[in-house]
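1. Below are the sequence and a predicted model; questions follow.
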Amino acid sequence: MNCDWVQQNISLYLYNELADDARHEVEQHIQRCKDCAAELAAQQEFQAEMNALPVEEPSASFLAAARMRLQEALETTQQNRAWYHRLAFDPTAWLRQVRFSPALAAVLLIVGFGGGLGTMYSVLRPGVGRVDPHLPAQEASIAGITSIDRQPNSPRVKINYERMVPDSVEGSLSDPQIQELLTFAAKSNSNNSGVRLDSVDALNSKPDDPRVREALTYVLRYDSNPGVRLKALDGLGSYVKQDIRVRNAVLEALLDDSNLGVRSGALHALEPVRADSSVRMALQQLAKEDPSPYIRTESQRELTSMPNID
């Protein structure tokens with residue numbers, strides 16, 4: 001066991017986070033090594049100074065937000081990814097291999113030079129390298145969504161968008177290409193607020209699609225226009241029970257949104273899940289210290305309407 005490993009794990013040793021065999025090895029090493037013993041003494045002194053400081057209780061909003069993010073992360077973590085790491089590309093190791101392999105470096109130089117010539121030929125050759133106007137929208141560079149037109153009492157929608165030149169596409173709201181363009185329009189603050197509002201309104205008709213709900217939660221969290229955020233909240237309201245990510249986004253809006261109308265809408269949207277511990281903690285904090293009298297009153301009303309939990 002070397003000094004580098006011991007000094008990197010002294011903190012784990014102090015907090016009893018090492019396995020018994022590793023802990024024994026650290027203790028044996030410290031008895032023989034003055035430098036590591038000095039590092040341990042320094043960290044013990046620092047730990048004692050930290051323990052002497054007063055401990056501040058975190059606020060209810062901080063605990064609620066931390067719990068929400070942890071729960072969401074646990075639910076979205078992909079399991080059994082060991083095989084993926086075996087396939088992952090390690091650029092550092094690859095570059096080390098190139099560094100010590102002149103022949104491989106020469107081959108890469110030749111291939112890169114040839115690829116550059118081929119690219120130049122494709123660009124300069126007439127008719128080659130141009131954007132095909134019939135390519136799907138996701139394969140072209142979309143500059144922005146200019147307008148969205150929904151046909152009354154119809155699932156069809158027309159989206160006008162810009163690439164190199166203005167273009168448009170028309171289809172059903174169930175069409176993946178249409179949904180992708182609507183999502184692009186909703187998430188892009190570079191589009192005007194009217195276009196974003198129209199796109200969210202169209203997406204609200206398909207909240208059963210998880211990808212649509214993801215786009216709406218993004219809008220609720222990050223759109224700069226409170227009217228657009230409110231429209232996204234309308235589409236998400238019925239999913240606060242069954243989708244934890246929707247619930248977390250609505251709770252964040254209640255706690256952090258700068259617009260009182262959005263916060264009020266979030267408060268009422270959370271009524272079906274007011275017994276949830278994160279929601280309850282948030283309501284307790286808001287009822288005591290929120291700067292808005294309306295939010296304080298409504299939070300208190302929600303709390304009093306809930307049964308007491310022992």
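-> All right, it came through fine.

2. Check the secondary structure at Y161 for me.
-> strand (DSSP: H, G, I helix; E, B strand; the rest coil).

3. ok, it to A185 distance?
-> 8 Å (C-beta to C-beta, to the nearest Å). Heads up, the C-betas are built off the backbone N, CA and C, glycines and all.

4. And those two? Which one has more around it.
-> Neighbours were counted for Y161 and for A185 using other C-beta atoms under 10 Å; A185 has more, 26 against 22.

5. Low-confidence ranges, the stretch 201-310 of the chain, go.
-> Residues of the stretch 201-310 of the chain that meet the criterion pLDDT under 70 lie in 307-310.

6. what about the helices in it?
-> Taking DSSP state H, counting those that start in this stretch as the criterion, the stretch 201-310 of the chain contains helices spanning 210-222, 226-236, 244-256, 260-269, 277-289, 293-304.

7. Ok, which of these comes nearest T146?
-> Distance to T146, taken as C-beta to C-beta, is lowest for helix 226-236 among these, at 16.8 Å.

8. Just want the angle from the closest one to helix 210-222.
-> Inter-element angle recorded for helix 226-236 and helix 210-222: 150 degrees (by axes from the mean of the first three to the mean of the last three C-alpha atoms, to 10 degrees).

9. And the contacts of helix 226-236?
-> The contact list for helix 226-236 (C-beta atoms under 8 Å, 6 or more residues apart in numbering) reads 186, 193, 196-197, 200-201, 203-204, 207, 212-213, 216-217, 219-220, 223, 246, 249-250, 253, 257-259, 261-262, 265-266, 269.

10. what's the overlap in contacts for Y161 and A185?
-> Counting by C-beta under 8 Å, 6+ apart, the shared contacts of Y161 and A185 are I145.

11. related to what we said a few turns ago, give the buried subset of the contacts of helix 226-236 as a PyMOL selection command.
-> Of the contacts of helix 226-236, the buried ones go into a single PyMOL selection, burial set by 16 or more other C-beta atoms under 10 Å:
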select buried, resi 186+196+197+200+201+203+204+207+212+213+216+217+219+220+223+246+249+250+253+257+262+265+266+269
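
12. In terms of helix, strand or coil, where does E170 fall?
-> Looking at E170 with three-state DSSP, the answer is strand.

13. do the same with D149
-> For D149, the assignment made with three-state DSSP gives strand.

14. how close does it sit to L230?
-> Going from D149 to L230 by C-beta to C-beta gives 22 Å.

15. Check L181 too.
-> Going from L181 to L230 by C-beta to C-beta gives 22 Å.

16. got it, and R32?
-> Taken as C-beta to C-beta, the span from R32 to L230 is 67 Å.

17. same check, this time on V273
-> 19 Å.

18. next one: E180
-> 24 Å.

19. ok, these two, which is more surrounded?
-> Between E180 and L230, L230 has the larger neighbour count (other C-beta under 10 Å), namely 21 against 17.

20. what comes up buried for the helix or strand where E27 lies?
-> Per DSSP states H and E, E27 falls inside helix 20-32. Using 16+ other C-beta under 10 Å as the test for burial, helix 20-32 gives A22, E25, V26, H29, I30.

21. for these, which one is nearest D175?
-> Minimum distance to D175 across these is 57.0 Å, recorded for A22 (C-beta to C-beta).

22. so that closest one sits right up against N9, yeah?
-> Yes - taking C-beta atoms under 8 Å as the definition, A22 is a contact partner of N9 at 7.2 Å.

23. okay, R86: pLDDT?
-> Note on R86: pLDDT of 45.

24. ok, now the one 5 residues further on?
-> Model confidence at P91, given as pLDDT, is 54.

25. cool, A73 as well?
-> We have a pLDDT of 68 for A73.

26. same deal with the one 10 residues further on?
-> Reported pLDDT at W83 in the predicted model: 43.

27. Then P58?
-> pLDDT recorded at P58 is 66.

28. List phi and psi for I145.
-> The phi/psi pair for I145 (degrees, to the nearest 10) reads phi -90, psi 130.

29. thought it was touching I159?
-> Yes - with contact defined as C-beta under 8 Å, I145 reaches I159; the gap is 6.4 Å.

30. Show me which of those two is the more surrounded one.
-> Between I145 and I159, counted using other C-beta under 10 Å, the more crowded position is I159 (27 against 23).

31. contacting residues around the more buried one?
-> Neighbouring residues of I159 by C-beta under 8 Å, 6+ apart: I145, S147, I148, D149, S168, V169, E170, I178, L181, L182, A185.

32. S292 now?
-> Contacts for S292 (C-beta under 8 Å, 6+ apart) come out as L260, R263.

33. I'd like the distance between it and S258.
-> 12 Å.

34. Over to P176?
-> 34 Å.

35. E56: which element?
-> Counting by DSSP H and E, no helix or strand carries E56.
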